[in-house]
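here is my input, please return the structure:
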Amino acid sequence: MNGLHTLVLLLVVSTANSGAQASPAKLTDVVFVVDNSGSVPPATAAAVSEFADSLDAHDRLAVITFGLHAGVILPWTTVSDSSRDAVSARILAGFSFKDRYTDLNPGLAMACALLDSARPAADKIVVLLTDGRLDMPGGVRATDSAAAMLRGETASRLRKTASRVLVIALPGADVSLLADVARGAGGRLSSAPDLATLRDALGTLSRSLAPDQTPPRWATSRRNPLLPVLMLVGLLLLAAVVALIVRRSPRPTRLPTKVVASATGISNAAGELAALLDKSRESAQNIGAGIEEYGATRWEAERRARARHHDLASGLFVLLDNLELAASRDSTNPELKRVQRIAIQILDDAGIEEIAAEIGKPFVHLHHNILEKRSSSDPAGTVLSKVRKGYCYPGSSPDEFEVLRPADVVVSTGPERQSSTK
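Residues are numbered from 1 along each chain as shown. Next comes the predicted model:
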């Protein structure tokens, strides 16, 4: 019977390995909010379509366009092999890039409303593609009011609703406004000055949607190919053992008792094995759910920590601005200079550096924010003066570079054209 026990144990291990359920698939609901105004390159639609084509069955996509008003051109959709062409065609047909006015608030508010109907277990992502140049029919006052709402109420609602917010600044963007929106929403700002860079940014996002870990060996849903063979061999050996007991029994009158005892023992063992198998499956499911929950909790903790860090850095930048202004008015105050050195040292210790804004050098999107444009003898796009310092995390690679506050600069529009008179 020892051989039979060994075989039964082998069957338990094989069944437990093959029956354990895989950890829950990573679900993602992504909302694209895309600027449909005339200042946005039409190739942006193709980049969104390519991103949709990269999704799998666990992901859902929705696309919103906005100008002065917003509209859903693609409601929540799971992109499958059979629907990819139709989804791509619907996305491309939904853009016109002819809207005269631009207000980001309606599009982002609609994205938050869509996320309210997202799947509870899904990672909720908002991707904003825009140049951020607000233009309202009410003039400067209406535009300033929309900007204030965007920095305040809209960004705050995004922070509460979305798991991740990615703001991508398109060519000619108002980076200062978009940086404030990303910071207020607890998200990240990146720049896409051309189509290739935009595709790279969306490709990076697409790759991040894949599961973070390969499922452990015990968590695979594939059945063990040796299981049928082991079960067949086990049944044959069990039949042989029962036949041997019947044949060699010296007292036939006791045969039914032994057979009943053996059958009872096998039945009890089967019950115990079934309970053990159920327990193994339950443990596998609990571990898989724990891995999923850990990943979501870790991302949320990192997002909140990054938002707090940005808020602290922004306050320190304002303090430095005021210290520099005071030092320019009273250059002989030693205590003021000492406090200024301490503040600068805090930035150095945190790995924060000043963004270069050299006079006479070309304007750089994402690094610089244009406060004013003036005609001059310098070529168009040349930095004429720096009004306010900008700061960044340089990182160890270009992918880790992060703008905390762009430098405010005055930029040349080129030599002034003289009107010809006849």
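
residue contacts, Glu416?
Contact analysis of Glu416 by CB atoms under 8 Å, 6 or more residues apart in numbering lists Ser375. In this view, the C-beta of every residue, glycine as well, is placed from N, C-alpha and C.

before we move on, what about Glu324?
Residues near Glu324 by CB under 8 Å, 6+ apart: Gln340.

doesn't it fall inside a strand?
No: using DSSP: H, G, I helix; E, B strand; the rest coil, the secondary structure at Glu324 is helix, not a strand.

what distance do you get for it to Val387?
Taking CB to CB, to the nearest Å as the measure, Glu324 and Val387 are separated by 12 Å.

what do you get for Lys337?
Going from Lys337 to Val387 by CB to CB gives 22 Å.

next one: Gly381
Taking CB to CB, one finds Gly381 at 17 Å from Val387.

so these two - more neighbours on which side?
Gly381 (15 against 12; other CB atoms under 10 Å).

surely that one is in contact with Pro362?
Yes: here Gly381 lies in contact with Pro362, judged by CB atoms under 8 Å, at a distance of 5.4 Å.

who touches both of these two?
With CB under 8 Å, 6+ apart, Gly381 and Pro362 have no common neighbours.

so where's this protein uncertain?
Within the chain, the stretches with pLDDT under 70 are 1-25, 210-235, 239, 241-274, 276-307, 397-400, 417-422.

show me where it has helices.
Using DSSP state H, the helices of the chain run over residues 2-19, 43-53, 84-93, 104-115, 140-149, 155-161, 175-184, 195-208, 227-248, 255-329, 334-349.

buried stuff in the third one?
Meaning helix 84-93. Val87, Ser88, Arg90, Ile91 (16 or more other CB atoms under 10 Å).

how about the contacts made by Asp194?
Contacts of Asp194 by CB under 8 Å, 6+ apart are Pro171.

got the phi and psi for it?
Asp194 adopts backbone torsions of phi -150, psi 170, taken as degrees, to the nearest 10.

let's have the chain start at 579 instead
All set: I'll call the first residue 579, so the last point we hit is now Asp772.

how much space separates it from Ala985?
Distance of Asp772 to Ala985, given as CB to CB: 22 Å.

quick one: Ser786 from Ser768, how far?
The gap separating Ser786 from Ser768 is 13 Å, by CB to CB.

more neighbours: the two, which one.
Shown here are Ser786 and Ser768; by other CB under 10 Å, Ser768 has more neighbours (21 against 13).

correct me, but that one touches Leu748?
No: taking contacts as CB under 8 Å, Ser768 lies outside contact range of Leu748: 10.8 Å.

what do those two both touch?
Overlap of the contact sets of Ser768 and Leu748 (by CB under 8 Å, 6+ apart) is empty.

identify the farthest-apart pair in the buried residues of helix 662-671.
Distance extremes for these: the farthest pair is Ser666 and Arg668 at 7.3 Å, using CB to CB.

quick check: closest non-adjacent residue to Leu898.
In this structure, Leu898 finds its nearest non-sequential neighbour in Ala921, 5.3 Å apart by CB to CB, 6 or more residues apart in numbering.

how many neighbouring residues does the one you found have?
14.

could you dump the buried residues of helix 662-671 into TSV and include distance to Pro619?
Below are the buried residues of helix 662-671 laid out as TSV (distance: CB to CB, whole Å):
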residue	distance to Pro619
Val665	21
Ser666	18
Arg668	20
Ile669	15
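
and which of those residues is nearest Asp752?
Nearest member of the buried residues of helix 662-671 to Asp752, counting by CB to CB, is Ile669, at 25.5 Å.
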